[in-house]
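Colleague: How does the following fold in three dimensions:
(chains A and B)
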Amino acid sequence: MNSAIGKLYPSTKFAVLLLLVILSVFTPGYMLQYLMFLVVLLFSLCAGTARQFLGTFFKSIFIIIIFIFAIQVFIISNEDAQPIWAFIHFSQTGLNDSLSMTSKIVAISSLVICFFQVTDIKDITFALEKSGTPRKVTFLISSTIQLIPQMSALSKTITDAQKSRGIETEGSLLIRAKAFVPMLGPLVLSSIQQTEERMLALESRAFSSKAKKTSIYEIRKKPADYVLDILCVAGLIAYIAWRVM
Amino acid sequence: MKRGIKYDFSLLALLLIPVGVSLSVVGYQLSTILKLPVFVDQIGIMLVSMIAGPWVGLVAGMLGNVVNGMLNPVSFGFAFVSMALGLVCGFMSRWRWFTNIFGIVIGCAIINVVTAMVSGVVSTFMFGGVTGSGTDLVTAAFLATGQALWTSVLSANLLTGTFNTIINFAVSYIIVKRIPDRFLVKLNYGMPYIKKKGVR
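Modeller: Predicted coordinates for the structure are as follows:
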């Protein structure tokens, strides 16, 4: 996040993301969309997140794309299907369909993955708050992101504690399923207790107050952000003009 | 009783949303640790919508998928499924369906049908019938028998969804029953689950 791209203002990054998503959704064919993957890869190389980006991409999107190809090309019975073996056949329509579908998925999801890897959640919530989003919404987003790792750590502790008391986590399906509630129950109850405490803490710090609040964390728009914003709008107008003509 | 969206979002309900989202994540992790055949990843949404109402459930569902979507953008598309689940489950809880066994059975069936339909629409139109999970193999099996894409996706979702819904509902119901009364009274929708007689 300390790279030139990472230091941009969140809304600027979002404008670039939006422009590229619009480009990949409304351009026919699939070359541009697959090219978008390389563009995003270039971005993340500049931002120094290329390894994370590739890791996330291949763990999530790549699998679903393979599934789409397998089902659309070999299994769905289109009219032009040529049988290969038993229920497997090859279909050109399926191939075209899946090319146009997967190309859009690849483009949009690589853009989204890259956006969240180069943007700090803290920056996003700050920018949202500054643009007038209710405080409750931004609080919800940031507290959810913070709570998930806490809860999984707590669940690991509870699992270990229950194991030391002799709960069975291996064996037949029924035994394993029975272990589920004792592992989850304490987690829910303790997190509910924490919820009450957190509510008191927030109220005593005037969370519900309507007064304007200041933030100890500040980020500002730099000249580069304004230039990029204008470039994005210009790019969008140029694209619409080119598509309409 | 006066009820509206603003009434639903009390500070306590608001604080329950992150808990629900992370419970779903933890439930998913636990079911992989215990190597269970179904993913118990909807308990958080069900729990929150049962005790905090339909609109809070809807937001919890959406937020859970958005948080997941930061790592795996496919789940942005399936946010509609979680939102529908939270909404339907919350309304049933508001109508006190979950206080008797008959209501629970009918409620589970409706939840299953609704989530299967929404998930079918999303996966057919956005991902060509694929969800990226084990359901795809069932879909492929239906397709191999020569059925159309839409019917295969829907029947695969209904089939796998039945187990999923029952198990998710059972776990979240057991947990709701374990929540102490003194917490339930503070919630707008906690009344049907209070154990002490004479309060209702």
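
Colleague: Okay, now the unreliable bits of the chain?
Modeller: Picked chain A for this. Residues of chain A that meet the criterion pLDDT under 70 lie in A:1-2, A:79, A:86.

Colleague: wait, chain B
Modeller: Looking at chain B by pLDDT under 70, you get B:1-3, B:198-200.

Colleague: hmm, what's the outermost residue in it?
Modeller: Largest separation from the mean C-alpha position in chain B: residue B:146, at 31.4 Å (C-alpha atoms, centre = their mean).

Colleague: The residue lying closest to that one once chain neighbours are set aside: what secondary structure?
Modeller: Nearest residue to residue B:146 in three dimensions, chain neighbours excluded: residue A:77, at 6.0 Å (C-beta to C-beta, 6 or more residues apart in numbering or on different chains). Quick note: C-beta positions are derived from backbone N, CA and C, even for glycine. Look at residue A:77: counting by DSSP: H, G, I helix; E, B strand; the rest coil, its state is coil.

Colleague: ok, residue A:77 - how many residues close by?
Modeller: 17 (other C-beta atoms under 10 Å in any protein chain shown).

Colleague: From residue A:183, how far off is it?
Modeller: 45 Å (C-beta to C-beta, to the nearest Å).

Colleague: same thing with residue A:196?
Modeller: Taking C-beta to C-beta, one finds residue A:196 at 23 Å from residue A:183.

Colleague: and these two? which has more neighbours close in?
Modeller: Higher neighbour count among residue A:196 and residue A:183: residue A:183, with 21 against 14, using other C-beta under 10 Å.

Colleague: my guess is that one meets residue A:167, correct?
Modeller: Yes: with contact defined as C-beta atoms under 8 Å, residue A:183 and residue A:167 form a contacting pair (7.4 Å).

Colleague: ok, back up a step: on the three-state scheme, the residue farthest from the centre of chain B is what?
Modeller: coil.

Colleague: OK, contacts around residue B:50?
Modeller: Counting by C-beta atoms under 8 Å, 6 or more residues apart in numbering or on different chains, residue B:50 makes contact with B:57, B:89-90, B:93, B:98, B:172-173, B:176, B:189, B:193.

Colleague: Give the ChimeraX command for selecting the buried subset of these.
Modeller: Selection of buried members from the contacts of residue B:50 for ChimeraX, criterion 16 or more other C-beta atoms under 10 Å in any protein chain shown:
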select /B:57,89,90,93,98,172,173,176,189,193
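
Colleague: about what we covered before: contacting residues around the residue nearest to residue B:146?
Modeller: Counting by C-beta under 8 Å, 6+ apart, residue A:77 has contacts A:89, A:91, B:143, B:146.

Colleague: Okay, and which of the residues you listed map to strands?
Modeller: Using DSSP state E, the subset of the contacts of residue A:77 located in strands is residue A:89.

Colleague: of all the contacts of residue A:77, which two lie farthest apart?
Modeller: Greatest spacing in the contacts of residue A:77, by C-beta to C-beta: A:91 and B:146 (13.6 Å).

Colleague: isn't residue A:110 right next to residue A:37, touching?
Modeller: Yes: the pair residue A:110 / residue A:37 is scored as a contact, 5.1 Å apart, by C-beta under 8 Å.

Colleague: Of the two, which one has the most company?
Modeller: Using other C-beta under 10 Å, the more surrounded residue of residue A:110 and residue A:37 is residue A:110, with 27 against 18.

Colleague: Grab the nearest non-local neighbour of that one.
Modeller: residue A:40 (4.4 Å).

Colleague: before we move on, what about residue B:90?
Modeller: residue B:54 (2.8 Å).

Colleague: what sits against the one you found?
Modeller: B:8, B:86-91, B:93-94.

Colleague: any idea how far residue B:20 is from it?
Modeller: In terms of C-beta to C-beta, residue B:54 sits 13 Å off from residue B:20.

Colleague: Equivalent analysis for residue B:135, please.
Modeller: 23 Å.

Colleague: of the contacts of residue B:50, closest to residue B:112?
Modeller: Closest to residue B:112, out of all of those and judged by C-beta to C-beta, is residue B:89, at 11.3 Å.

Colleague: Please go through chain A and pick out the longest helix.
Modeller: helix A:135-164 (DSSP state H).

Colleague: Measure how far that helix is from the centre of its chain, please.
Modeller: Computed by C-alpha atoms, centre = their mean, to the nearest Å, the separation of helix A:135-164 from the middle of its chain amounts to 19 Å.

Colleague: before we move on, what about stretch A:60-68?
Modeller: 16 Å.

Colleague: Any part of that stretch near chain B?
Modeller: Yes: counting by C-beta under 8 Å from any C-beta of the partner chain, chain B is contacted by stretch A:60-68 at A:60-61, A:63-64, A:67-68.

Colleague: picking up where we left off before, okay if I get the contacts of residue B:50 as CSV plus secondary structure?
Modeller: Compiled in CSV, the contacts of residue B:50 are given as follows (three-state DSSP):
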residue, secondary structure
B:57, helix
B:89, helix
B:90, helix
B:93, helix
B:98, helix
B:172, helix
B:173, helix
B:176, helix
B:189, coil
B:193, helix
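
Colleague: mind listing the helices for chain A?
Modeller: A:10-26, A:31-47, A:50-69, A:92-118, A:121-130, A:135-164, A:173-178, A:180-204, A:223-244.
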